[in-house]
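# fold the following, please.
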Amino acid sequence: MLNINMEFLRGILFVRLKGVLNKNTVEKLDEEVTSLIESNGVRNIVFNVNNLNSIDHYGINALLHNYEICRNNSGRTLICGLNNVLVKNRINRSRLLNYIYKTTNELTALNKINS
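Next comes the predicted model:
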């Protein structure tokens, strides 16, 4: 199961993910987040994965897809809250961090985008 909490603050969409982001739940991310980014031209997004228990390559590809949309909108995508060892290892082994900037928390991400 995947729970998604979103907040738009100072031109940045904060997406807080809780649960599991995998083949079975990635459609929910697409329906709620990706469609919002595409339809509203969102430029900057921060994915907070602090409460994510696991992620597979489908989830990583979904995050990468959202990065590409924001990049095409001349924006930035950041990820924070890489505290879960399984999630951290899976993301570190992927190519995701070659594109998405990693920060420790949402405040650091906010400062990074606004700098």
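
# pretty sure Val7 sits in a strand.
Rather than Val, residue 7 is Glu. Yes - assignment of Glu7 by DSSP: H, G, I helix; E, B strand; the rest coil places it within a strand.

# that one reaches Phe14, doesn't it?
Yes - judged on CB atoms under 8 Å, Glu7 makes contact with Phe14 at a distance of 4.7 Å. For the C-beta atoms, the positions are set from N, CA and C on the backbone; glycine is no exception.

# quick one: which of the two has more around it?
Neighbours were counted for Glu7 and for Phe14 using other CB atoms under 10 Å; Phe14 has more, 20 against 12.

# in a strand, that one, correct?
Yes - the assignment for Phe14 by three-state DSSP puts it in a strand.

# could you report the pLDDT at it?
At Phe14, the pLDDT value in this model is 97.

# what's around Gly62, how many residues?
That one is not Gly; residue 62 is Ala. By the criterion of other CB under 10 Å, Ala62 has 22 neighbours.
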